[in-house]
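1. next comes the sequence, and after it the predicted model I'd like to discuss.
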Amino acid sequence: MNRTLAAIVLAALWIGAALLTVTVVAPGAFAVLPTRALAGEMVGRVLPVVFVGAIAVPVLIYALTPVVRRSAAAWTAGGTAVGAAAVALFLVNPRIAALRLAVVVPIDQLAPADPRRSLFGLLHAGSVVLLGLAMVGMAVLLVLLARAAIGRPTSTGASR
């Protein structure tokens, strides 16, 4: 298999996994599990795998495809995916987990004015935004790979 094609497959697989997580797994967990706390725990076990993939896949893509390594746009796109995933994985999600452990009751049972519930909401929103950024970065990287595969430059001055 051609290296660029392998890189395209890796990026597409990660995007598919991320889309499946946000469109099926997370909503499904909240729809069928008996409590929001259980659904949150389940999704909280899936997301780290998705974030690790968003770190590993661009690294593998850069190793596989010299044309992408020469592209500033690809470095920006892949760097966005890696950076967003790393912040979520190593900063935001551990704070969410620690907050869940520190609170005796499920987060949704806290009073709306409780600062811990507000903090959870901010951390959750941050995690969602970071996953979105990783997805956008990976999608741009996928487009750049596809352009390289058909012989179009991936950024000004970088060609096949």
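-> Looks like it came in fine.
2. hang on, residue 145 packs against residue 8?
-> Yes - between residue 145 and residue 8 there is a contact under CB atoms under 8 Å: 4.8 Å. No exception for glycine: its C-beta is placed from N, CA and C like everyone else's.
3. higher neighbour count, the two?
-> For residue 145 versus residue 8, neighbours defined as other CB atoms under 10 Å are more numerous around residue 145 (27 against 21).
4. and the helix with the most length in the chain, what does it pack onto?
-> Scanning the chain for the longest helix, with DSSP state H as the assignment, gives helix 115-149. Packing contacts for helix 115-149, counted by 3 or more CB pairs under 8 Å, 6 or more residues apart in numbering; DSSP states H and E, involve helix 3-20, helix 36-64, helix 66-69, helix 72-87, helix 93-102.
5. can you list the buried residues in stretch 11-31?
-> 11-12, 14-15, 17-18, 21-22, 25-26, 29 (16 or more other CB atoms under 10 Å).
6. mind putting the residues you listed in TSV, distance to residue 90 included?
-> Output for these, formatted as TSV (distance: CB to CB, whole Å):
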residue	distance to residue 90
11	22
12	26
14	18
15	22
17	20
18	18
21	19
22	20
25	22
26	21
29	23
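7. tell me where the model's unsure across the protein.
-> 1, 152-160 (pLDDT under 70).
8. which residue is nearest the centroid of it?
-> residue 131 (3.8 Å; CA atoms, centre = their mean).
9. the longest helix of the chain to helix 36-64, inter-axis angle?
-> 30 degrees (axes from the mean of the first three to the mean of the last three CA atoms, to 10 degrees).
10. re the thing from before, farthest pair in the buried residues of stretch 11-31?
-> 11 and 29 (25.8 Å; CB to CB).
11. list residues touching both of residue 145 and residue 8?
-> Common neighbours of residue 145 and residue 8, using CB atoms under 8 Å, 6 or more residues apart in numbering, do not exist here.
12. picking up where we left off before, with respect to burial, which of the helices and strands packed on helix 115-149 scores highest?
-> helix 72-87 (a mean of 20; mean count of other CB atoms under 10 Å).
13. quick revisit: now do the buried residues in the longest helix of the chain.
-> So for helix 115-149, counting by 16+ other CB under 10 Å, buried means 117, 120, 123-124, 126-127, 130-131, 133-135, 137-149.
14. contacting residues around residue 52?
-> Contacts of residue 52 by CB under 8 Å, 6+ apart are 85, 89.
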